[in-house]
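Requesting a structural model of the entry that follows:
(one chain, ligands or ions: 1)
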Amino acid sequence: MFFKILKKSKKSKARLGLIQTPHGVIHTPAFYPVATKATVKCLSPEEIKEIGFEAVLSNTYHLYLRPGHQVVKKMGGLHKFMNWSGPIATDSGGFQVFSLGFGLEHGVGKISGFFPGNDKKPEKPVRLKLFKVNQKGVEFKSHLDGSKHFLTPEKSIQIQEALGADIIFAFDECTSPLSDYNYTKESMQRTHNWAEICLKTKKSKDQALFGIIQGSHWRDLRIKSAKFISQMPFEGLAIGGSLGKTKKDMYRILNWVIPEMPEQKPRHLLGIGHPDDLVKAVKNGVDLFDCVYPTRLARHGIFLTPKKELNILNARYESDKNPIMKNCSCYTCQNFSRAYLHHLFKTKEILGLRLSTFHNLWFIHRLMERIRQGIKIEKPLKI
Ligand SMILES: [Zn+2]
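Residues are numbered from 1 along each chain as shown. Model prediction:
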């Protein structure tokens, strides 16, 4: 992998760049649509290409459980298996193992509305019921059939090598936003040890390995982790884990971490994809994003527009002749009214899911294009 910065903004920390991979180029700042189980839900690879995306990101955890990485390898690797000829990234599986565990236990995601002791929920110790961590790895139960698995940094790399993506990630422990300082510190040190093991384990020469910075919402831990992971011979760096309680916290964390990250390596903010955040995080120096947000919203009948999200199930669209967005040149907006899309969602027709996914990804792709253009010509970045 080769990363080149083409231009740095004079107004912000934004950078325009490109990543050369064995399967083609990714122009950055870029957004990866998420192909969780080797498919971007509802769309074909041709449609993803037609929208303009150069790369997708798949989930190691899901592919390991089904169909199994050995099956994918036997079928010629992930590119061949899913018929996607462009660059692919796979995450390490860490986020799913831990977030399915603590997410189910605490009902929290990457940005949590509460923290121990200071908000809605009373402080309680984090009990690891759905997974058990030790220095070697993590034992977890499959969300599919309850079968027990033990995932280690070595195994995560071996699985990702079998899948054969262009960009792979080091195995990390993703802590719950409800984990306390001491646990988060201990976990961060484990993630650092695992980062070393991942680098030692990796044998493939044509895959780029990204290291992951942890430390949750604690300044000293985030800075320590950013310094530690940045000095290791990773080809790219990612900011993972809990990003605080509010969006403001997330930007505070970016401000701690990004100055510690080397200029010449691509920076990936894991799991964030709200249009507003894409613009702001690029201004803070982030190059890569992945998130299920646009595609998941689409499947709930929620369309992205510059002003607000439009819920097509709302009764006011029942006989609305307008397209979702007047100035959108996507197939959905060019050919269908809000009334028709309302009808498709009301009657649970599959076409509705396809048309909404197409529009939302088109919206995100055009946004990234405008972001890149904005850096090029020094135009203020807006949604
Ligand atoms: Zn559209």
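
Give the residue farthest from the middle of the protein.
S319 (36.4 Å; CA atoms, centre = their mean).

Distance of the closest residue to the ion within the stretch 101-250 of the chain relative to A208?
Closest to the ion within the stretch 101-250 of the chain is K247: 25.7 Å, counting by CB to the ion. To be clear about C-beta, it is placed using only N, CA and C from the backbone, and glycine gets the same treatment. Taking CB to CB, to the nearest Å as the measure, K247 falls 30 Å from A208.

cool, G241 as well?
Taking CB to CB, one finds G241 at 21 Å from A208.

With neighbour numbers in mind, choose between K247 and A208.
Between K247 and A208, A208 has the larger neighbour count (other CB atoms under 10 Å), namely 25 against 15.

show me the residues around that one that make contact.
For A208, the contacting residues are 1, 21, 166-168, 235-236, by CB atoms under 8 Å, 6 or more residues apart in numbering.

Dig out what it forms beta bridges with.
Beta-bridge partners for A208, by DSSP bridges, are I167.

Show the pLDDT at it.
For A208, the model assigns a pLDDT of 98.

if we can go back for a sec, which pLDDT value does the model give the residue of the stretch 101-250 of the chain closest to the ion?
On the pLDDT scale, K247 gets 90.

Verify the contact between it and D277 for me.
Yes. Using CB atoms under 8 Å, K247 makes contact with D277 at a distance of 6.9 Å.

Make CSV from the contacts of A208 and add pLDDT to it.
Formatted as CSV, these follow (pLDDT from 0 to 100):
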residue, pLDDT
M1, 95
T21, 98
D166, 98
I167, 98
I168, 98
E235, 98
G236, 98
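
Let's have these in TSV, adding distance to M368 and neighbour count.
Listed next are the contacts of A208 as TSV, based on distance: CB to CB, whole Å; neighbours: other CB atoms under 10 Å:
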residue	distance to M368	neighbour count
M1	20	18
T21	17	22
D166	19	23
I167	17	27
I168	22	27
E235	22	17
G236	18	21
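
Where does the prediction get shaky in this protein?
Counting by pLDDT under 70, the chain contains low-confidence residues at 101-130.

and the chain, which of its residues are near the ion?
Counting by CB under 5 Å from the ion, the residues of the chain lying close to the ion are 328, 330, 332-333, 359.

May I ask which two of those are separated the most?
Distance extremes for these: the farthest pair is C328 and T332 at 7.8 Å, using CB to CB.

hey, where'd the helices end up in the stretch 251-383 of the chain?
275-283, 293-299, 331-335, 338-346, 350-377 (DSSP state H, counting those that start in this stretch).

if we look at the third one, which residues are touching it?
Outside of helix 331-335, the residues that reach it under the criterion CB under 8 Å, 6+ apart are 323-326, 328, 341, 355-356, 358-359, 362.

got the contact list for stretch 339-358?
Under CB under 8 Å, 6+ apart, the answer for stretch 339-358 is 40-43, 47, 51, 294-295, 298-299, 301-303, 312-314, 317-321, 324, 330-332, 336.

If you could redo that for stretch 248-258, that was the one I meant.
13, 111, 213, 217, 219, 222-223, 225-226, 239, 243-244, 267, 269, 272, 277, 280-281, 284-286.

For it, buried residues please.
Buried positions in stretch 248-258, judged by neighbour count with 16 or more other CB atoms under 10 Å: 249-254, 256-258.

Kindly reformat the residues you listed as TSV containing distance to F95.
Formatted as TSV, the buried residues of stretch 248-258 follow (distance: CB to CB, whole Å):
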residue	distance to F95
D249	19
M250	16
Y251	21
R252	21
I253	16
L254	18
W256	20
V257	17
I258	20
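
between those, which is closest to the ion?
M250 (27.8 Å).

picking up where we left off before, same list, the helices of the stretch 251-383 of the chain, but as TSV with distance to S99 and mean neighbour count please.
Below are the helices of the stretch 251-383 of the chain laid out as TSV (distance: least, CB to CB, whole Å; neighbours: other CB atoms under 10 Å):
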stretch	distance to S99	mean neighbour count
helix 275-283	18	21
helix 293-299	14	21
helix 331-335	31	17
helix 338-346	28	20
helix 350-377	22	20
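
Now do the phi/psi pair for A89.
Per-residue torsions, A89: phi -120, psi 150 (degrees, to the nearest 10).

Quick check: the closest residue to it other than its chain neighbours vs K326, distance?
Nearest non-adjacent residue to A89, counting by CB to CB, 6 or more residues apart in numbering: I167, 3.9 Å away. Taking CB to CB as the measure, I167 and K326 are separated by 37 Å.

what does F150 give?
F150 is 54 Å from K326, by CB to CB.
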